[in-house]
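**Student:** Provided below for reference: sequence and predicted model.
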Amino acid sequence: MPLTKIPLVAGTQQQSLFIFLPGLGDQPQDFIDQGFVELVQQKNAVDVWIADAHFAYYANGSILERLGDDVYSSSQIGAYKNVYLLGVSMGGAGSLLSVRDYGQRFKKVIVIAPFLGDGDLIAELSQTGAKAWRYRPDANRGVRDEQFRLLWKFLQKDQVDRAENATGPTLYLAYGLQDRGSTAHKLLADILPTKHVFTMPGTHNWKTWLSLFEVILEELSFE
């Protein structure tokens, strides 16, 4: 998986690393063009990596293997004291899956307007609420549906475990209130601490995401 690496100062390495995962149809360059990289490096002493984690990796089921080998491996990130991960839209789903499989490698994980599953699953979660919903195995489910059901099962348990014993990365959610996925985002918000959820008026676009990121950077440190 190709990586775009942007050091804070050319020829040096900071103690902290910020990794971005793009959304469906987005390019690594979009994080640069939309101001994400400049913004985070203005406020924090971090190097930035942008993974070219495009849809094909999700479609063929290799996304976690490639991220693990090409981005998150000790040989890649081991020299950094703190590693932060942010994903938008589809990249938000990739970030949540990364928390499940590689969580101990990150200090904080931010998902902005993440994709959280198809309509039938979100409707099912809405009927019970995210806290009360229970995973039930079904051999007839499609691979993608099963993957997101297992992800929700993990997120439920992860947040309970963190409430009892704070281990692993701290998870933050941000989304626009008029986002097409806001029903799902509200369900995830219900199982997160209130102070870990950031919202504002806006839809599913870079303008809203950048505004949310600006608020997050005012509230949180990434040194």
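**Tutor:** Thanks, I have the structure now.

**Student:** C-terminal to the lengthiest helix in the chain, what's the next element?
**Tutor:** The residue-count maximum for a helix in the chain (DSSP state H) belongs to helix 143-164. Going down the chain from helix 143-164, the next helix or strand is strand 170-176, by DSSP states H and E.

**Student:** chain center to that next one: distance?
**Tutor:** 8 Å (CA atoms, centre = their mean, to the nearest Å).

**Student:** could I get it in PDB with only the CA atoms?
**Tutor:** Output of strand 170-176 as PDB, limited to C-alpha atoms (Å, rounded to 0.1, in the frame of the first residue of the first chain):
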ATOM      1  CA  THR A 170      -9.200   6.500  23.000                       C
ATOM      2  CA  LEU A 171     -11.900   6.600  20.300                       C
ATOM      3  CA  TYR A 172     -13.500   9.900  19.000                       C
ATOM      4  CA  LEU A 173     -16.400  10.300  16.600                       C
ATOM      5  CA  ALA A 174     -17.200  13.400  14.600                       C
ATOM      6  CA  TYR A 175     -20.000  14.000  12.100                       C
ATOM      7  CA  GLY A 176     -22.300  16.600  10.500                       C
END
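
**Student:** in the helix or strand following that strand, what counts as buried?
**Tutor:** Remark: after strand 170-176, the chain's next helix or strand is helix 182-189, criterion DSSP H and E. By 16 or more other CB atoms under 10 Å, the buried positions in helix 182-189 come out as 182, 184-189. Quick note: C-beta positions are derived from backbone N, CA and C, even for glycine.

**Student:** ok, so of those residues, who is nearest G176?
**Tutor:** When these are compared for distance to G176 (CB to CB), S182 comes out closest, at 7.2 Å.

**Student:** beta-bridge partners for the closest residue to the closest one other than its chain neighbours, please?
**Tutor:** Counting by CB to CB, 6 or more residues apart in numbering, S182 lies nearest to Y175, which is 6.1 Å off, once chain neighbours are set aside. Taking DSSP bridges as the rule, Y175 bridges to T199.

**Student:** you'd agree Y175 is up against G181?
**Tutor:** Yes. Using CB atoms under 8 Å, Y175 makes contact with G181 at a distance of 7.2 Å.

**Student:** okay, the two: which has more neighbours?
**Tutor:** Y175 (28 against 19; other CB atoms under 10 Å).

**Student:** against A93, how distant is the more buried one?
**Tutor:** 13 Å (CB to CB, to the nearest Å).

**Student:** overlap of the contact sets of those two?
**Tutor:** Shared contacts of Y175 and A93, defined by CB atoms under 8 Å, 6 or more residues apart in numbering, are found at P114.

**Student:** hang on, the earlier thing: from the buried residues of helix 182-189, which single one is nearest G103?
**Tutor:** Of the buried residues of helix 182-189, the one sitting nearest to G103 (CB to CB) turns out to be L188, at 16.2 Å.
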